[in-house]
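>>> Sequence first, predicted coordinates after that:
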Amino acid sequence: MARRSIPPETFLSNTTQTHTWSADQKWADCVKIFLGCGCDVRLFWKGACCSETFRIHVGTVICCHGGDGQVVLEGHLQIETLDATNNAVEPTVQIAHSTTGCPANGIGTSIRWFVETSGAPAGQQIGQLGYLWTNVTHACRTADFFINVCQSQSQTEWLRFVTASKEVQFGALHYLKIPAFTDCNRGCPGTAGRLIFNSTTNTLNYDNGTNWLCINDGCTT
């Protein structure tokens, strides 16, 4: 049986109103849901098994922008997956990027954050988390994860997890700051793997689980 498309335009006013689509319907290529100010928006999807439920609560609409595709919400976005899984991680959100061209190294997807500033109430990009293919060949596909943060009006890559070389890289002009202690306040050894800067001896010390050792010569400090 061919599925019927959901009506491309659905109007929800600020009164209590529910629109239900039957199991043999699908989303149209372009669905517009017009939200009246005051709507408390809740979207539910239930799969073939009644225990599989996907729910989105996007809060109460306080302002609707007709032409720019934005809906301003009061409160915060909540996304919940309800299923029978009790010992594994389930994907709650899936973000995808497809291209009309030929995929090449560097193609990826990301989430960007925007926050208003004193001179731009509409918000400016404050940060970005993303993944990209460094090897887009399907049989040996490899990706990197990166974190960008706004610095002096520009987006700067601060951190990247490089899968191919199993490295964590810091962006240009950034560094890893090691906590500094003196001989007196560095605490007792016993947690192997800790690394500190000893400001008494001006050396890097590491905890081998028994003693603090100088990283230069391995001697006890």
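Received the coordinates, thanks. Computed from a prediction, not measured in an experiment: that's the story for all the values here.
>>> which ones are touching the closest residue to T201 other than its chain neighbours?
Spatial nearest neighbour of T201, excluding adjacent residues (Cβ to Cβ, 6 or more residues apart in numbering): T221 at 6.2 Å. No exception for glycine: its C-beta is placed from N, CA and C like everyone else's. Counting by Cβ atoms under 8 Å, 6 or more residues apart in numbering, T221 makes contact with D183, N198, T201, T203, N205, N211, W212, L213, C214.
>>> From P91, how far out is T221?
Computed with Cβ to Cβ, to the nearest Å, the distance linking T221 and P91 is 48 Å.
>>> how is this structure carved up into domains?
Here the domain assignment for the chain is 4-82, 108-170, 180-214, based on automatic domain parsing.
>>> after the longest strand seen in the chain comes which helix or strand?
Ranked by residue count, the top strand of the chain under DSSP state E comes out as strand 120-135. Counting by DSSP states H and E, the element after strand 120-135 in chain order, helix or strand, is strand 142-151.
>>> got the buried residues for that next one?
A143, D144, F146, N148, V149, C150 (16 or more other Cβ atoms under 10 Å).
>>> partners of the first one in the sheet?
Which is A143. W133 (DSSP bridges).
>>> try the fourth one
With DSSP bridges as the criterion, N148 is bridged to Q128, E157.
>>> okay, it: pLDDT?
Note for N148: predicted pLDDT of 95.
>>> How about the contacts made by it?
Contact analysis of N148 by Cβ under 8 Å, 6+ apart lists G127, Q128, L129, G130, Q155, T156, E157, W158.
>>> out of those, who's nearest D83?
D83 has its nearest neighbour among the contacts of N148 in L129, at 25.6 Å by Cβ to Cβ.
>>> Buried only: go through the contacts of T221 for me.
N198, T203, N205, W212, L213.
>>> I'd like the residues you listed as JSON lines, with secondary structure and distance to K166 appended.
Below are these laid out as JSON lines (DSSP: H, G, I helix; E, B strand; the rest coil; distance: Cβ to Cβ, whole Å):
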{"residue": "N198", "secondary structure": "strand", "distance to K166": "29"}
{"residue": "T203", "secondary structure": "strand", "distance to K166": "28"}
{"residue": "N205", "secondary structure": "strand", "distance to K166": "26"}
{"residue": "W212", "secondary structure": "strand", "distance to K166": "28"}
{"residue": "L213", "secondary structure": "strand", "distance to K166": "25"}
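>>> got a markdown table for these, with distance to G119 and pLDDT too?
Formatted as a markdown table, those follow (distance: Cβ to Cβ, whole Å; pLDDT from 0 to 100):
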| residue | distance to G119 | pLDDT |
| --- | --- | --- |
| N198 | 45 | 92 |
| T203 | 47 | 91 |
| N205 | 46 | 93 |
| W212 | 50 | 93 |
| L213 | 52 | 93 |
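>>> lowest-confidence helix or strand of the protein?
strand 4-5 (a mean of 38; mean pLDDT, DSSP states H and E).
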